[in-house]
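>>> structure of the sequence below:
(one chain, ligands or ions: 2)
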Amino acid sequence: QSPAFPNGSPRKTLVILGSGWGSITLLKHLDTSKYNVIVVSPRNYFLYTPLLPSAPVGTVELKSIVEPVRAVARRTKGEVRYYQGEAIDVDVENKTVKVKSSDHVDEPLIEDLKYDYLVVGVGAQPNTFGTPGVYEHASFLKEISDAQEIRGKIMNSVAKAAILPPNDPERQKLLNFIVVGGGPTGVEFAAELKDYIDQDLSKWMPQISKEIKVILVEATPNILGSFEPSLIQYAKDLFKRERIHLKLKTAVKGVDDDYVTTKCGDDVEKIPYGVLVWATGNAPREVSKKLMEKLDEQDSRRGLLINEKLQLLGGNDSIFAVGDCTFHPGLFPTAQVAHQESLYLGEVFNKLYKIDQLKWEASQTKDTSSKQKLESRAQVLAAKIGNFKYNHMGALAYIGSEKAVADLAIGESKYSMSGSFTFLFWKYAYLSMCLSFRNKVLVAMDWIKVSILGRNSSV
Ligand code: FAD
Ligand code: NAD
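Ligands and ions are numbered 1, 2, ... in the order given. Modelled structure (predicted):
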């Protein structure tokens, strides 16, 4: 607990849950000298998700796209405590968060942290829509460990297939790489995977690389559903040329040890697979679900409902939520949204500090007229806290073969771009959005290394 301010007012405790786009942006832009700041997250680093699809095949190294929470905290004005653990419950009435420490694996330590303000930025978990067998057999693409797992599976399948005779059905099974979900995650990963096979694996294992089939399964008629129709068509045409097999209007209904079962209309197909990556979007985390159950006004199953000031509906003024753990019409679960929400919250907390100071001074004065003046100044300041306004700047996606698509929004105007120049723009944009200078340098060096030496094919 940091000491009180010189005027005697106690420092309020701000607990931030998570270390992703929402929480870390807030930490970076908050005046941490004004609060006791405690960050709680099981992950002691920030992960730059836009380049995660490049990681399993080695276009970028994993260490290039992470930044320790403590490094971010050290660069802020005040003191920040980092607690490595998972929030498992929130007591809204008593303003406490129950945290399960990650350090004590055998007997986890559970502690209650008291807060004055709470920011929930716990993100989301992968959605399986209850499809049987997914958790047991598929890999997700959300965390660093997922990227490592996918890489291991690719290398294993290739190595096992290479020692089997060409006509062995087991060999084709191992070389079927299936990606489920044609949203940006599935598309970008399928594109990176095909690049790796055609540009690098083909040099060392030409026969195997020809036999590998990359299959993208999508339940709706289109991939990249939120992009402009012309860009969707461009991406589909490119996938066709690059021999990424698209199975549209096809939903995966189940997965077992050997097969992915799909349904297209009335046709049911069992596709043997060697590697399966599951990217069908987001579902709320357990801690978010618990909060939803507790609060009367939380009646969406898609995420925590928030008001225009990012306060939790049905909570009190002290709980805010940002990013993928929330659901709000018009706000997609993207880094762009989480980032802008947290920039806004940073400003809000700087104002709340001033309001709390005025309220404290009012509570300390015995003179009625001074008290009223201080209280009304606090009210005026509170009324000046505007609503959050999202400014959509567009969306970008890498689609392989050094090509990208971009839907850009500049003011009221919208622009669509695709192709190799867009890929350069994509590179520029993704590099400039990296969290730290260190990340920027490492990512740029990875790209240069890959363009000169190719990707590494060892595990
Ligand atoms: P996250 O960034 O997921 O962070 C959540 C944090 O909470 C994590 O640190 C997690 O460890 C922590 N946490 C989890 N459970 C708990 C708990 N119980 N208690 C405390 N902490 C907890 N968006 C874009 O705009 N552009 C892109 O190019 C883009 N590319 C993407 C690529 C991939 C592969 C993926 C998966 C997503 C991508 N997104 C992109 C979406 C973007 O990553 C998310 O919208 C963004 O990460 C949301 O930020 P967040 O802070 O809400 O959640
Ligand atoms: P998504 O929700 O955007 O797409 C999931 C896709 O999976 C949908 O098209 C859905 O129809 C399909 N699907 C669902 N169940 C299926 C099934 N059983 N069989 C086959 N297909 C099925 O998910 P995402 O791609 O993981 O993206 C999540 C969020 O992150 C989105 O908001 C996205 O915009 C954002 N994101 C952005 C970028 C980028 O901007 N480049 C990259 C990755 C993610």
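>>> next to ligand 2, which bits of this protein? Give me the list.
129, 131, 180-186, 188, 217-220, 225, 251-252, 279-282, 332-334, 395-397 (C-beta under 6 Å from any ligand atom). (Each C-beta comes from the backbone N, C-alpha and C, glycine too.)
>>> so which elements touch the strand or helix carrying residue 160?
Secondary structure here is read from DSSP states H and E; on that basis residue 160 sits in helix 144-162. Counting contacts by 3 or more C-beta pairs under 8 Å, 6 or more residues apart in numbering; DSSP states H and E, helix 144-162 is packed against helix 169-174, helix 206-211, strand 275-278.
>>> do the lengthiest strand in the chain and ligand 1 meet?
Counting residues, the longest strand found in the chain (DSSP state E) is strand 80-91. Yes - in this structure, strand 80-91 sits against ligand 1 according to C-beta under 6 Å from any ligand atom; the contacting residues are 86, 87.
>>> buried ones in that strand?
Of the residues in strand 80-91, those buried under the neighbour-count criterion (16 or more other C-beta atoms under 10 Å) are 80, 82, 83, 84, 85, 86, 87, 89, 90.
>>> mind picking the two most distant members of these?
Among these, the pair separated by the greatest distance (C-beta to C-beta) is 80 and 89, at 23.1 Å.
>>> on that earlier part again, now do the longest strand of the chain: which elements does it pack against?
Helices and strands in packing contact with strand 80-91 are listed as strand 35-41, helix 69-74, strand 96-101, strand 110-114, strand 117-120, helix 286-294; criterion 3+ C-beta pairs under 8 Å, 6+ apart.
>>> quick check: chain neighbours aside, which residue is closest to residue 378?
Taking C-beta to C-beta, 6 or more residues apart in numbering, and ignoring the residues beside it in sequence, residue 378 has residue 358 as its nearest neighbour in space, at 4.0 Å.
>>> the one you found and ligand 2, how far apart?
Relative to ligand 2, residue 358 is positioned 40 Å away (criterion: C-beta to the nearest ligand atom, to the nearest Å).
>>> quick check on that residue: phi, psi?
Per-residue torsions, residue 358: phi -60, psi -40 (degrees, to the nearest 10).
>>> find the nearest non-adjacent residue to the residue in the stretch 251-400 of the chain that ligand 2 sits nearest to, please.
As assessed by C-beta to the nearest ligand atom, ligand 2 sits closest to residue 281 within the stretch 251-400 of the chain, at 2.8 Å. Among residues not flanking residue 281 along the chain, residue 127 sits closest, at 4.9 Å (C-beta to C-beta, 6+ apart).
>>> swap in residue 381?
In space, and not counting its chain neighbours, residue 381 is closest to residue 355: 5.0 Å by C-beta to C-beta, 6+ apart.
>>> neighbours around residue 221, how many?
Summarising burial for residue 221: neighbours were counted as other C-beta atoms under 10 Å, giving 10.
>>> within the helices and strands, which one has the residue nearest to residue 381?
Secondary structure (DSSP H and E) places residue 355 in helix 335-364.
>>> closest to residue 402 out of the helices and strands packed on strand 80-91?
Using C-beta to C-beta as the criterion, the shortest distance between residue 402 and the helices and strands packed on strand 80-91 is 32.1 Å, found for helix 69-74.
>>> check what contacts that closest one and list those residues.
The contact list for helix 69-74, computed with C-beta atoms under 8 Å, 6 or more residues apart in numbering, reads 19, 24, 27-28, 32, 37, 39, 41, 43-46, 80, 82, 435-436.
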